[in-house]
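Engineer: Just a sequence and a predicted model for now, questions to come.
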Amino acid sequence: MSLLELIAAADERGLVASGIACLDRCLPQPAEGTDPDPLRPLWAGCADGEAWPDRLAEARQALDGAKEGETRTQIRQLLAHAPADRATPGLREWADACSLLALEVHLGQDATPGAGVDLLRRCREGDPEGAGPLVAGEVRRQIRILEMLADSGTGAAGLRQVLDVSTEGQRVLRAATARRARTGRGVTGSVR
């Protein structure tokens, strides 16, 4: 199944967890003295749907004091639009927007940036031809996470596996960002 098909088929828990995982991977390296994991409360909200509104408020507050940057601003905006009620139809749109942001951030750091929006659309539809290694890896990671969530039922073990996959993806993106900064190629902006 394509990434878009998996998002369309995901249940409430899958949408929440995949959206959080996408945002978590996009977080830049934390500045010294700041919360290294401001989205951690949201992971607890995945396991307990009743706790979601409170955990969402905690994550929003944790990011309020964080150092600004384009990606953090986009994450903050997505959190502001995250539905407090996980049963609302807007949850699928939110998870889809989180997926797209993660791909945009990866495209901005890819060694061979592709054709922007068209490339990301094709990748999400199942055609990654022309995608650089970071974008292709992120598409595979998102697919793997959604498949893991679909297969794991409601258990916490499935969420732990998703968090592990997401953390590894975060390390890959941060390493690519650091490498680009060292070589002076900078960071490109959003492709929207």
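Structural biologist: Arrived safely.
Engineer: tell me, what residue is most central in the protein?
Structural biologist: Cys22 (0.9 Å; C-alpha atoms, centre = their mean).
Engineer: which strands and helices sit next to whichever strand or helix holds that residue?
Structural biologist: Assigned by DSSP states H and E, Cys22 belongs to helix 12-26. Packing partners of helix 12-26 (3 or more C-beta pairs under 8 Å, 6 or more residues apart in numbering; DSSP states H and E): helix 40-47, helix 70-81, helix 90-109, helix 133-152, helix 156-183. Glycine gets a C-beta too; all of them are placed from N, C-alpha and C.
Engineer: Same list (these) but as TSV, adding mean pLDDT and distance to Gln61.
Structural biologist: Formatted as TSV, the helices and strands packed on helix 12-26 follow (pLDDT from 0 to 100; distance: least, C-beta to C-beta, whole Å):
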stretch	mean pLDDT	distance to Gln61
helix 40-47	86	9
helix 70-81	91	10
helix 90-109	95	19
helix 133-152	93	26
helix 156-183	88	21
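Engineer: of all these, which lies closest to Asp118?
Structural biologist: helix 90-109 (11.3 Å; C-beta to C-beta).
Engineer: starting at the chain centroid, how far to that closest one?
Structural biologist: 6 Å (C-alpha atoms, centre = their mean, to the nearest Å).
Engineer: what does stretch 124-137 give?
Structural biologist: 16 Å.
Engineer: Check stretch 82-96 too.
Structural biologist: Chain-centre distance of stretch 82-96: 15 Å, with C-alpha atoms, centre = their mean.
Engineer: so how far is the first residue of that stretch from its last?
Structural biologist: 11 Å (C-alpha to C-alpha, to the nearest Å).
Engineer: list the contacts for the residue lying closest to Glu138 once chain neighbours are set aside?
Structural biologist: Closest residue in space to Glu138, ignoring its immediate chain neighbours: His106 at 4.3 Å, by C-beta to C-beta, 6 or more residues apart in numbering. Counting by C-beta atoms under 8 Å, 6 or more residues apart in numbering, His106 touches Leu134, Val135, Gly137, Glu138, Leu173.
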